[in-house]
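*Asks:* sequence below, structure please.
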Amino acid sequence: MGSDLHNKPAGSFAPLRQPVFAVLWAATVLGNIGSFMRDVASSWMVTELSPSPTAVALIQTAATLPIFLLAIPAGVLSDILDRRRFLIWIQLLLACVSGTLLVLSKTNALTVEYLIALTFVGGIGAALMGPTWQSIVPELVPRADLKNAVALNSLGINVARAIGPAAGGLLLASFGASMAYGADVLSYVFVVAALFWWKRPAAVDTGLSEQFFGAFRAGVRYARASRELHVVLLRAAVFFLFASSVWALLPLVARRMLGGSAGFYGVLLGAVGAGAILGAVLLPKMRQRLDTDGLVLTASVLTAAVMALLSTAPPQWAAVLLMLVLGMGWIIALTTLNGVAQAVLPNWVRGRGLAIYLTVFNGAMAAGSLAWGLIAQELGVPSTLVIGAVGLVAVAWVFHHVKLPTGEADLQASNHWPEPLLTEPVVHDRGPVIVQIEYRIRKHDLQAFLQAMHHVAQERRRDGAYAWGVAEHTGEPERVIEWFMVESWAEHLRQHRRVSKADADLQSEALAFHIGPDKPAVHHFLALDVAHARATAADKETQ
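*Replies:* Here you go, the predicted model:
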């Protein structure tokens, strides 16, 4: 009996047994509560400063546009900088934003322009923090607890979503916006203190660390070549583009259509958080009945139903219940799409890949919010909600047939490539590098071989090649050369470490068509230039 009780926490809450994760998780929950309080104050203040639906929607745009613009560079920075120090500087930036809002609101100097500009700067901080925080999680818990740690992060965000808006609305209604902004400033004290307390081990220098622009190119190259990631990004874009309408117009729904106060608006957002927690609890059972495509379709229908019912201006108590349903639909879609994105990304590019996902997510939210605000200004809020609901159901049904990847491939590094043979050391930044692999393929197997090589080509490009091709010998039809180009010798060495076990399986399928007692011959060629040739000659003369 005692053993069973002891083992239960070892599931979902096992990561909290790691002191560093527990402290940072708790601090992040407090920080997110403060952020939600600030967002509620800003969203409500803009309705007092301007009656324009476009101005209200611009707050949502200003919060999400920086994430669209900066998520990919932020993902690169999270991979090449000390993540602990980087996070500390981000928290200080966000504290300055809320501190400025506090002073402006206290002195009655806050304007729509200041509010949008400072929301935009806060969005920059959020853009920098998102990929970085996700990237440190594997450092804080054992690999076996990683999925539970990710789930706890999602739970923490929704706990903050349930508490922060309601608390922010109450502070706003009772003491004014300056108190909500002050509470957010205080929350950053706890986050910064927790990050200072964390003694992060120094990174080991392998000599293959990436520089910003090289890492940026590698991340973009991977995203461009990954068909599975393309499907996830497409499905996320169409969902969030239409679902953003309810978030962009919710302050106007609460104030104008439902006649609510700032406190009521906070209660609505708190209900969304509570619904998200409920959805997270129900999600494991839903996964037993529905695949990922079914979950996204269900989330779309739930969200669209809420939008359609809100357009009828229901009683306030009914609106709170609808927000619970919205929270459920939102967390089902968000968790499912984010989970698939994580499942199709290998560790070496996970931060950059998730940053690209965040770019699409926030780009769709920013563009959608602005578009829905403009539509509402012309047609009114109720009609805009109906249009958004119908559109969401339509695109959900159409794109339901574009199946999400299963994410079951083994993306752990295979390390099956032998180290290249060198007669002398090669400078790491020298390049480009041409790699040739020579196969012997029977004539009647050539088409099947080329079909297998099509998948290998995608893998080569994902892992670092910027050009790829196959060619046959004019005098020996069975002699086939695969070639690909990598921008530098260091990038090719990184390519060796990036090949996953799933990639190794793809290569084995192509290799099965090779005939002969020996393995395919592999050749590496480095580009020569006049300066390098002269330097080499000078070195030989001095020896």
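*Asks:* so Gly353 is in contact with Ala223, correct?
*Replies:* Yes: between Gly353 and Ala223 a contact is recorded at 6.5 Å, counting by Cβ atoms under 8 Å. The C-beta positions use only the backbone N, C-alpha and C, and glycine is treated the same way.
*Asks:* between those two, what contacts are shared?
*Replies:* Leu229 (Cβ atoms under 8 Å, 6 or more residues apart in numbering).
*Asks:* look at Pro284 and report its pLDDT.
*Replies:* As predicted, Pro284 sits at a pLDDT of 74.
*Asks:* burial measure for it, as a count.
*Replies:* 10 (other Cβ atoms under 10 Å).
*Asks:* measure it to Leu295 for me?
*Replies:* 11 Å (Cβ to Cβ, to the nearest Å).
*Asks:* if we can go back for a sec, ok, Gly353 and Ala223, which is more surrounded?
*Replies:* Gly353 (25 against 22).
*Asks:* tell me the helix or strand right after the helix or strand harbouring that one.
*Replies:* Here Gly353 sits within helix 350-379, counting by DSSP states H and E. Of the helices and strands lying after helix 350-379 in sequence (DSSP H and E), the nearest is helix 381-399.
*Asks:* quick one: buried residues of that following helix?
*Replies:* Of the residues in helix 381-399, 381-382, 384-389, 391-393, 395-396, 399 count as buried by neighbour count, 16 or more other Cβ atoms under 10 Å.
*Asks:* next SSE downstream of it?
*Replies:* Immediately after helix 381-399, counting by DSSP H and E, sits strand 433-440.
*Asks:* what does the average pLDDT come to for that following strand?
*Replies:* pLDDT averaged over strand 433-440 gives 92.
*Asks:* buried residues, it. List them.
*Replies:* Val433, Ile434, Val435, Ile437, Glu438, Tyr439.
*Asks:* check which residues of the helix or strand just after it are buried.
*Replies:* Moving toward the C-terminus from strand 433-440, the next helix or strand (DSSP H and E) is helix 446-463. Applying a neighbour-count criterion of 16+ other Cβ under 10 Å, one finds 446, 449, 452-453, 455-463 buried in helix 446-463.
*Asks:* what of stretch 307-327?
*Replies:* For stretch 307-327, the neighbour count (16+ other Cβ under 10 Å) marks 307-311, 319-320, 322-327 as buried.
*Asks:* now do stretch 483-503
*Replies:* In terms of neighbour count (16+ other Cβ under 10 Å), stretch 483-503 has its buried residues at 483-496, 498-500, 503.
*Asks:* just those residues: which are in strands?
*Replies:* With strands taken from DSSP state E, the overlap with the buried residues of stretch 483-503 comprises Trp483, Phe484, Met485, Val486.
*Asks:* just name the closest of those residues to Ile80, please.
*Replies:* Relative to Ile80, the closest of these is Val486; by Cβ to Cβ it sits at 19.2 Å.
*Asks:* who are the contact partners of Leu65?
*Replies:* Taking Cβ under 8 Å, 6+ apart, one finds Phe120, Gly123, Asn362, Gly363, Ala366 in contact with Leu65.
*Asks:* give me the nearest residue to the third one, chain neighbours excluded.
*Replies:* Read it as Asn362. Ile67 (3.7 Å; Cβ to Cβ, 6 or more residues apart in numbering).
*Asks:* for that neighbour, give me the pLDDT.
*Replies:* For Ile67, pLDDT reads 75.
*Asks:* so it is in which element?
*Replies:* Residue-wise, Ile67 maps onto helix 53-80 under DSSP H and E.
*Asks:* just for the stretch 1-150 of the chain, where's the confidence low?
*Replies:* Low-confidence segments of the stretch 1-150 of the chain (pLDDT under 70): 1-12, 143-144, 146-148, 150.
*Asks:* lovely, talk soon.
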